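>>> need a structure here:
(one chain, ligands or ions: 3)
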Amino acid sequence: MKNSFWRTGALALVAGLALASAATAQTVSFKDPTGDDNGPGSYTYPTDAVYKRGSFDLTGFDVESKGGKVTFDVTVNSPLEDPWGMKGGFAVQMIFIFIDTGAGGFTDTVPGLNVKFDEANAWDKLVILSPQPPGRVKDEISQKAAADRAGAILVPNRTKGAGRTISGTVELEGDPSQWGYQVVVQSNEGFPADKDLLTRKVNEFEGQHRFGGGTDYDCDPHAVDILAGAGTGDAGEVQAQHDMLKYECNPDGSAKTGAVLKMVRKS
Ligand SMILES: [Ca+2]
Ligand SMILES: [Ca+2]
Ligand SMILES: [Ca+2]
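Ligands and ions are numbered 1, 2, ... in the order given. As a prediction, the model looks like this:
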């Protein structure tokens, strides 16, 4: 967390941008390579048939701002389905959108992801796209996220899936083309571990409802696909993702070196 000088300055900046941009829509788009839905390179899907190939393979991320509202569209490489009756048009995915609006922020994230950001890429807003009812997501945030960032985490009133795209809208001022982003693809876990914020675990071996290829401890990043590099979908971004998600565990299962994420930016 940076000091209050930075936060106060950033608030003034955001207010100024909002005045300048209230009338017209502003958009920004990123792409992600296909076939890199394997975290640091080794992760495998759970074995249950609901986890269709490509379900967690991020391919596109689009942001549109209009009239003080920002809509986030996250596209994956498989038609969305709702086998669990979540009623929003999708079920198995859960998306964490970390945003650096320039207002300083946090380097650690939320429990269950096991990822951090470096100082230069600190996040100050997190939008969660979950098929769970917004009330459930907000309850989990208030119970499990650190108290100092609860106000920075936003949950759309309605999150829906259509085709291959998961969408949600939140109230947020500013010009999204100037922000940094990181999109972490996870899986909606209705029965999360005590401290995990609705996230599905990555274990050493995949199971019916567990990703494999990591460790049974929490020293591995529980992130299946993320943005990397310049977010253009270039093949080189696969290696950049694998590098960011590299981790090493101590014998007792604590993190020796954990995954450190960077933002993707247009400017
Ligand atoms: Ca991908
Ligand atoms: Ca693990
Ligand atoms: Ca990726």
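>>> those helices in the stretch 151-267 of the chain, which residues are they?
Counting by DSSP state H, counting those that start in this stretch, the stretch 151-267 of the chain has these helices, from start to end: 236-244.
>>> Residues of it that sit close to ligand 2?
Within the stretch 151-267 of the chain, the positions adjacent to ligand 2 are 202, 214, 220 by Cβ under 5 Å from the ion. For the C-beta atoms, the positions are set from N, CA and C on the backbone; glycine is no exception.
>>> Dump those residues to JSON lines, plus neighbour count, pLDDT and distance to residue 247.
Formatted as JSON lines, those follow (neighbours: other Cβ atoms under 10 Å; pLDDT from 0 to 100; distance: Cβ to Cβ, whole Å):
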{"residue": "202", "neighbour count": "28", "pLDDT": "98", "distance to residue 247": "11"}
{"residue": "214", "neighbour count": "27", "pLDDT": "98", "distance to residue 247": "8"}
{"residue": "220", "neighbour count": "29", "pLDDT": "98", "distance to residue 247": "5"}
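>>> Neighbours of the nearest residue to residue 205 once chain neighbours are set aside, how many?
Using Cβ to Cβ, 6 or more residues apart in numbering and skipping the chain neighbours, the partner closest in space to residue 205 is residue 212 (4.8 Å). The local packing count at residue 212 equals 16, with neighbours defined by other Cβ atoms under 10 Å.
>>> any idea how far residue 158 is from residue 212?
33 Å (Cβ to Cβ, to the nearest Å).
>>> what's the answer for residue 85, then?
Taking Cβ to Cβ as the measure, residue 85 falls 16 Å from residue 158.
>>> and what of residue 189?
Between residue 189 and residue 158 the distance is 21 Å, computed by Cβ to Cβ.
>>> More neighbours: which of those two?
Neighbour totals were compared for residue 189 and residue 158, and residue 189 leads with 20 against 11 (other Cβ under 10 Å).
>>> For that one, which non-adjacent residue is spatially closest?
What sits nearest to residue 189 in space, not counting adjacent residues and going by Cβ to Cβ, 6+ apart, is residue 200, at 4.1 Å.
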